[in-house]
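1. Here is the input, now give the coordinates:
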Amino acid sequence: MLFNDLSLIEPILKALGEEGYTTPTPIQQQSIPAILAHKDLLGCAQTGTGKTAAFAIPMLQLMHQQRQEQAPGQQSHHRIKALVLTPTRELAIQIGESFNAYGRYLNLRHLVIFGGVSQYHQVGALRRGVDILVATPGRLLDLMNQRIISLQDIKYFVLDEADRMLDMGFVHDVRRVIAKLPAKRQTLFFSATMPPEIQQLSNILLHQPVKVEVTPVSSTADTIQQHLYYVEKQNKRPLLAHILQDVSIKTALVFARTKHGADRVARDLSKAGIRAEAIHGNKSQNARQSALHNFKTRKTRILVATDIAARGIDIDELTHVINYDLPNVPETYVHRIGRTGRAGASGIAFSFCDYEEKIYLKDIQKLIGKNVPVVKDHPFDVPLMHGVSQQSAATTTANHAAYANSSRRSGGKRSGRSFTQQRA
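-> Got it, this is the predicted structure:
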C-alpha cells in the first residue's frame, strides 16, 4: 500500500512526497481511513511507529475540506478547531513540526504552546488566529484560566502518550481539560500501554472507537551491530567509562532504568571528563529541552535517559545506543536500539548484563530470535556468567586491579579514574 491509495488530497500528497514518504506504516494504514471516516480512534502504539502522521495527516485533510466548504468571509477567521494534548515540550515541538511539514500547502495555522517560557509570543499568535493547537496540560490550563483560550469550537481532540500523562502526574489536568471540551467532537486517543486508569479514561472519552493496535516490533535491524557485556552491577560505571575512551564514539544515548540512576551515571561520567547530561521526568521542561538540544548539536557527547523520557527523541545519525540497564520488557530493548541504524544507516548497540538481569536477557534473546554476541576479555568481564573456569575468574580480578593501577598512573581523566576511586 502507498499513501496514494489512502484517498488523500493532492496538497498533502505533494508535501508527503517532499518529505520522502511513500509507504505508510501499519498504524498509518489502519488509522488514516478510520479518521477520515470521522470515527473515534483508540490507538495502542509506541513512539517510533509513525502515529503522529497517523493522526496529523487525516486531521489536516478533514479541516482543509471543512474550510473549503465555508463561505469566503468565514474562511478568514481562524478559530481553534483541533487540540492535541501531549505531556512534554519536546513532543509538542515535534508534533508541531509534523503539522508544519504535512500541511505546508494548506491554509491552516497551527501553534505549539508549553510552559517554562514567557507566554507573550504564544498569546500574540493565539490572538492572530489558530486552527490547530498543540499544547502541554499546564500551559493550556493556565491560558484557559486567563480566558485567553476557549475550547468551545473544538471538533478534533487528540490525547497523545496517555500513559506517560499518568506517569508524570497529569491525569487530573487532563480531566479538567476534557470537562471543557464540546460533547460533539472526534477524539483520537493514543497510549503505548493500557493500565486500568488509562483504560477508564479512554472509556470516558471515546464513542464506539475503532481500535488500532500495533504489535511492538520483535526484530532488530540487520544494520545494527549488537554486543553484550557481562559485568557485575558495581562495575557498570567503570565499564561505561572504559568503553567511552574510544574517541570514535562521537555520541551515545545511554539508557538507565531509574531517574536517580540516570542522574548518577551522568554525574559520574562528567567527573571522568566525559560531557554527559541526563533527561527524565523529574527534570524541568527547560532542562530537558536544553539537554536534548546540546546532544543534537554535539555540545554534549552522552545523553543518559530513562525509557519514558526518551519517547519522542529522534536524533539523526545516532551511531551508538548503550543499555546501561537491561529493560525488563523485551520489546523495549528492540525499541531502544532501534534509535540507531535508522533509514538504512549502520548503528552499534552495547548492553550491560549483571547476574540479576540474566532473566531479562533470556527474554530479549527469545523475542529477537538470536543470541546477542558476547564481548569477552574486557577489563570487567565476569567469566562465570558465560561458563568460564574459576581460574579465569581470578585472572579477571587481576585485570581489574591492573586497569585501576594504569588509570591512576595515566591521571585517569578520560579513563574513569573517579569510578575506580569510588569502587575503592
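2. could you measure G261 against E357, distance?
-> Using C-beta to C-beta, to the nearest Å, G261 is found at 13 Å from E357. For every residue, glycine as well, the C-beta is placed using N, CA and C.
3. Compare neighbour counts for the two and give me the winner.
-> Taking other C-beta atoms under 10 Å, G261 and E357 do not tie; E357 has more neighbours (21 against 18).
4. OK, contacts around that one?
-> E357 makes contacts with D325, L326, as judged by C-beta atoms under 8 Å, 6 or more residues apart in numbering.
5. May I have the phi/psi pair for it?
-> Here is the backbone geometry of E357 (degrees, to the nearest 10): phi -90, psi 0.
6. ok, back up a step: joint contacts of G261 and E357?
-> Contact with both G261 and E357 is made by residues D325, according to C-beta under 8 Å, 6+ apart.
7. so where is this protein shaky, pLDDT-wise?
-> Within the chain, the segments meeting pLDDT under 70 span 46-48, 71-76, 215-221, 285, 308-314, 316, 341-345, 387-424.
8. What residue spans form the domains of it?
-> 3-213, 224-423 (automatic domain parsing).
9. and the end-to-end length of the first one?
-> In this case it means domain 3-213. Chord length of domain 3-213, first to last residue, is 20 Å (C-alpha to C-alpha, to the nearest Å).
10. roughly how far is it from the heart of the chain?
-> 18 Å (C-alpha atoms, centre = their mean, to the nearest Å).
11. ditto for the shortest one
-> Distance of domain 224-423 from the chain centroid (C-alpha atoms, centre = their mean) equals 18 Å.
12. Let me see the contact set for G129.
-> Contact analysis of G129 by C-beta under 8 Å, 6+ apart lists H77, H78, R79, R109.
13. for E19, that is, sorry about that
-> Applying C-beta under 8 Å, 6+ apart, we find E19 in contact with A101, Y102.
14. For R264, see how far away it is.
-> For E19, the distance to R264 equals 40 Å [C-beta to C-beta].
15. Make sure F350 is indeed in a strand.
-> Yes. With DSSP: H, G, I helix; E, B strand; the rest coil as the criterion, F350 is part of a strand.
16. what ranges do the strands span in the stretch 151-300 of the chain?
-> Assigned by DSSP state E, counting those that start in this stretch, the strands in the stretch 151-300 of the chain fall at 156-159, 186-191, 210-213, 224-230, 252-255, 276-279.
17. Just put those in TSV and tack on distance to G369.
-> Listed next are those as TSV, based on distance: least, C-beta to C-beta, whole Å:
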stretch	distance to G369
strand 156-159	35
strand 186-191	28
strand 210-213	22
strand 224-230	12
strand 252-255	22
strand 276-279	31
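18. All set, thanks.
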